[in-house]
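Trainee: Prediction below, plus the sequence it came from.
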Number of protein chains: 4
Amino acid sequence: MAIPKKGNTAFPDRAAQRELKLEALHECAASAFNERGFHGTSLDDIAAALGISKPALYRYVPNKQALLYRLHGISLDAAEAAVTEGEASPADGIERLRIALCQYIRSLTASSSACLVLMEEGAMTGAAAADILARRRAFEARFRKLVSDGIADGSITPCDPKLAVFSVLGAGNWVSRWYRPGGARSGGDIARAMSQQLVRGLAVDPSRYRLEG
Amino acid sequence: MAIPKKGNTAFPDRAAQRELKLEALHECAASAFNERGFHGTSLDDIAAALGISKPALYRYVPNKQALLYRLHGISLDAAEAAVTEGEASPADGIERLRIALCQYIRSLTASSSACLVLMEEGAMTGAAAADILARRRAFEARFRKLVSDGIADGSITPCDPKLAVFSVLGAGNWVSRWYRPGGARSGGDIARAMSQQLVRGLAVDPSRYRLEG
Amino acid sequence: MAIPKKGNTAFPDRAAQRELKLEALHECAASAFNERGFHGTSLDDIAAALGISKPALYRYVPNKQALLYRLHGISLDAAEAAVTEGEASPADGIERLRIALCQYIRSLTASSSACLVLMEEGAMTGAAAADILARRRAFEARFRKLVSDGIADGSITPCDPKLAVFSVLGAGNWVSRWYRPGGARSGGDIARAMSQQLVRGLAVDPSRYRLEG
Amino acid sequence: MAIPKKGNTAFPDRAAQRELKLEALHECAASAFNERGFHGTSLDDIAAALGISKPALYRYVPNKQALLYRLHGISLDAAEAAVTEGEASPADGIERLRIALCQYIRSLTASSSACLVLMEEGAMTGAAAADILARRRAFEARFRKLVSDGIADGSITPCDPKLAVFSVLGAGNWVSRWYRPGGARSGGDIARAMSQQLVRGLAVDPSRYRLEG
DNA sequence: AATGAATGAGGGTTCATTCAT
DNA sequence: TATGAATGAACCCTCATTCAT
């Protein structure tokens, strides 16, 4: 009785296994794309890293372009969640900016690869490219809104929001280039320190943000 | 007299012309690499953009890898010049950091393309990769030295120089992604504003750096 | 008694069902081969059209080549039956030729697909190819015999039997390209009209064959 | 003076050579497509038959689909020329039909391969398929017009022009399957004999067309 | 019994590079 | 000198076939 019937558990097993493999594929592919670029990574590379044959990849992804699109989607999901968290805070503008930035950077360090694909948008074409570009533009716009809110409520020094956001996001994005898990400082640690430092440059009252916190 | 002798003047002409074409090639290739990536850019693309035939490229560059190596070299020349300028200033640490950063960002916007190749280091192999990596590491180390100097002389808030430098350089590098000449603000303008904002986050006395200067 | 015993009746049921499915497979495959060619049709296509999985096909056919071989066999069965019917008639040569041709064309329109595979003989190899080729050659030879018989008995104008047969069979084969069931004229109708017209060109007394009969 | 300068003749030479190679490619590809089908023929096959490497093909044709399209175009050029010749004749309907048919069959035997591609229209897609299909439909319509003209002027027995044309063209098309140059009868010979036989079946006065002419 | 998973072989296509002219 | 021509290597993707379940 305790022993589940074959028909019952086979499906969940299959589905679960598939999910796991899919996730491994995403991690592996994202990592490779980040290291060697989209065009510099062959499906052979990915398949070899996963220990499967190249055609086996096609059971999980329809083609290479779609894989890139999917990874960008995952990356943006995390990015959007980060900014949403900032927006949801009851604090003033600069603090909400800090939260968003901190969560964003943390997301880049968390899922070691699936979220690191900030590059190679140009490798996509057609509707996929348009979709990703639009989402990223919207993401940046929400960050700019946080900045202008901060200026309005007096917590952020008047400045060009576009430049300010490019600066802090650029600094964050760069993390994906040098961060390697297992280093001296954890991802969360890095996210906290960097977001403090970056936000401090914009604060009307910089003393609120002490470095080395 | 008006007719220049073949032996005398033809050669200088040739050399000058060659130099010009070489520079155009560099600009063109760097621009393409930045837009579509090293592996995403074919020599056909570059040749077509230059209006010459593909084999003609080989009169100027021994091969594609060497071209990337050379472009990274040019990029690093400018970067090193920027940090040198900062180091040469008699001011205190934070101000020297600001100068170096400002010059660095300006260099990224100046030679519209030849200096924007911050990516695709992974596309190089062997000695070339090692050389470029070493130079970039050294470049970053000099920036870290500026930070620790600033901490020592009391102009920069105590912090992790590694993180601080990654932040400001990352923000700067990102410029190559969104900056397009002919926009509302000039490259120098952008460099000034961004370097002020970024350095402000590190300053013991942030009031020294007002935004929108 | 009402409940059939397993051993007795279950098997016939199974066998009958299997036979039905096999026939559906043949129809489906032949139709696809005719439309997109042997190499242009994948087993996935056939499986999908049948609503079964790809490996399930292998329960009915050992491999793709064998499937083609079998279809050619079915096609030739019908063709040979047609010529046999002509030969069996007590009429004179031209009339026996007409009957064979008419039945042949009718067979091409009847089993909407299984018999339409006149193409792609080249896709077979080895013994299968040799077998099919030999049968088709023999089939054509029997048609030529009908023609020479007709010449001998004075019902067919002296001519090159090879050319004459290639003509009438070619015209017939072409039917498989344009005929679609459900059109204005039935397959039998078409077969009758075409065979009359074609045979009329060979008849010593063409007035025997009025068009639009 | 009589000796042409280098610059003058080099171009014609190149162009001429290229034209020759292109024609060889067309012949070779058409022949292969006819024998093994479009999908059954690999570019490797064609390249090997031409004694060149596979990528070299791409200097002459943009891709495999375009090659098929081009061959169909060549084939249709000849077919249209044939029917034009029939239409241009001052004779009555049946004779004009005979001329068109004869020229059509001759064209199939003439350029041993480039004109034999009557199959595999289904392998084309999009605009190419539509274009070819439209041209072939128009070609057939012109043949039907010849038949209805013949019926109108009393030289052709009343009949279904559609069926009549399918018959004679089918018989002709089939030639591409069995004709091999160098056989007992020349292409022109075959075309004459077949067209006479086929047209005889439609003639109001069949005695005009004696077989074995 | 029937299917999801997996793969070796091969196909179309691109590209960096060389060479003859 | 500068270019058309050519190619080996590699890449993305498909497919007939097998196997574990």
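Mentor: Nice, thanks for sending it over. On a predicted model such as this, the values are computed, not experimentally measured, just so you know.

Trainee: Report all helices and strands that the top helix by length along chain A contacts.
Mentor: Scanning chain A for the longest helix, with DSSP state H as the assignment, gives helix A:6-36. Counting contacts by 3 or more Cβ pairs under 8 Å, 6 or more residues apart in numbering or on different chains; DSSP states H and E, helix A:6-36 is packed against helix A:43-50, helix A:64-88. Quick note: C-beta positions are derived from backbone N, CA and C, even for glycine.

Trainee: Just checking the distance from the first one to the centre of its chain.
Mentor: Looking back up the chat, that one is helix A:43-50. Put simply, helix A:43-50 sits 23 Å off its chain's centre (Cα atoms, centre = their mean, to the nearest Å).

Trainee: quick revisit: how big is the angle separating the longest helix of chain A from helix A:64-88?
Mentor: 90 degrees (axes from the mean of the first three to the mean of the last three Cα atoms, to 10 degrees).

Trainee: DNA strand E is nearest to which of the helices and strands packed on helix A:6-36?
Mentor: helix A:43-50 (7.3 Å; Cβ to the nearest atom of the strand).

Trainee: check whether the closest one contacts DNA strand F.
Mentor: Yes. In terms of Cβ under 7 Å from any atom of the strand, part of helix A:43-50 sits within range of DNA strand F, namely A:43, A:44, A:45.

Trainee: Could you report the neighbour count for the last one?
Mentor: Burial measure for residue A:45: 17 neighbouring residues, criterion other Cβ atoms under 10 Å in any protein chain shown.

Trainee: quick one: it and residue A:135, what's the gap?
Mentor: From residue A:45 across to residue A:135, the span is 27 Å (Cβ to Cβ, to the nearest Å).

Trainee: Residue A:104 now?
Mentor: Taking Cβ to Cβ, one finds residue A:104 at 14 Å from residue A:135.

Trainee: Looking at the two, which one has more neighbours?
Mentor: Ranked by neighbour count (other Cβ under 10 Å), residue A:104 and residue A:135 place residue A:104 first, with 27 against 17.

Trainee: Wasn't that one part of a helix?
Mentor: Yes. With DSSP: H, G, I helix; E, B strand; the rest coil as the criterion, residue A:104 is part of a helix.

Trainee: Surely it and residue A:81 touch.
Mentor: No. Checked against Cβ atoms under 8 Å, the pair residue A:104 and residue A:81 is beyond contact range at 9.1 Å.

Trainee: re the thing from before, can I get the helices and strands packed on helix A:6-36 in CSV including distance to residue C:170 and mean pLDDT?
Mentor: Output for the helices and strands packed on helix A:6-36, formatted as CSV (distance: least, Cβ to Cβ, whole Å; pLDDT from 0 to 100):
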stretch, distance to residue C:170, mean pLDDT
helix A:43-50, 47, 96
helix A:64-88, 47, 95
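
Trainee: Can you tell me which of the ones you listed is packed in deepest?
Mentor: Most buried of those by mean neighbour count (mean count of other Cβ atoms under 10 Å in any protein chain shown) is helix A:64-88; its value is a mean of 19.

Trainee: Does that helix reach chain B?
Mentor: No. In terms of Cβ under 8 Å from any Cβ of the partner chain, no part of helix A:64-88 sits within range of chain B; the closest distance is 11.8 Å.

Trainee: related to what we said a few turns ago, closest to residue B:108 among the residues of helix A:43-50 next to DNA strand F?
Mentor: Closest to residue B:108 out of the residues of helix A:43-50 next to DNA strand F is residue A:45 (30.7 Å), distances taken as Cβ to Cβ.

Trainee: quick one, phi psi at residue A:156?
Mentor: Note on residue A:156: its backbone torsions stand at phi -120, psi 130 [degrees, to the nearest 10].

Trainee: Next, work out how far apart the closest residue to it other than its chain neighbours and chain C are.
Mentor: Leaving aside its sequence neighbours, residue A:156 sits nearest to residue A:150 (Cβ to Cβ, 6 or more residues apart in numbering or on different chains; 3.2 Å). Distance, residue A:150 to chain C, using Cβ to the nearest Cβ, to the nearest Å: 57 Å.

Trainee: do residue A:180 as well
Mentor: In terms of Cβ to the nearest Cβ, residue A:180 sits 43 Å off from chain C.

Trainee: burial measure for that residue, as a count.
Mentor: By other Cβ under 10 Å, 7 other residues sit near residue A:180.

Trainee: The one 4 residues further on now?
Mentor: Residue A:184 has 8 neighbouring residues, counting by other Cβ under 10 Å.

Trainee: next one: residue A:211
Mentor: 17.

Trainee: Just the element for it, please.
Mentor: Counting by DSSP states H and E, no helix or strand carries residue A:211.

Trainee: ok, residue A:104 - contacts?
Mentor: The contact partners of residue A:104, by Cβ atoms under 8 Å, 6 or more residues apart in numbering or on different chains, come to A:78, A:79, A:82, A:83, A:169, A:172, A:191.

Trainee: go on, residue A:174?
Mentor: So residue A:174 contacts B:166, B:167, B:169, B:170, B:171, B:173, B:174 (Cβ under 8 Å, 6+ apart).

Trainee: Which helix or strand contains it?
Mentor: helix A:161-178.
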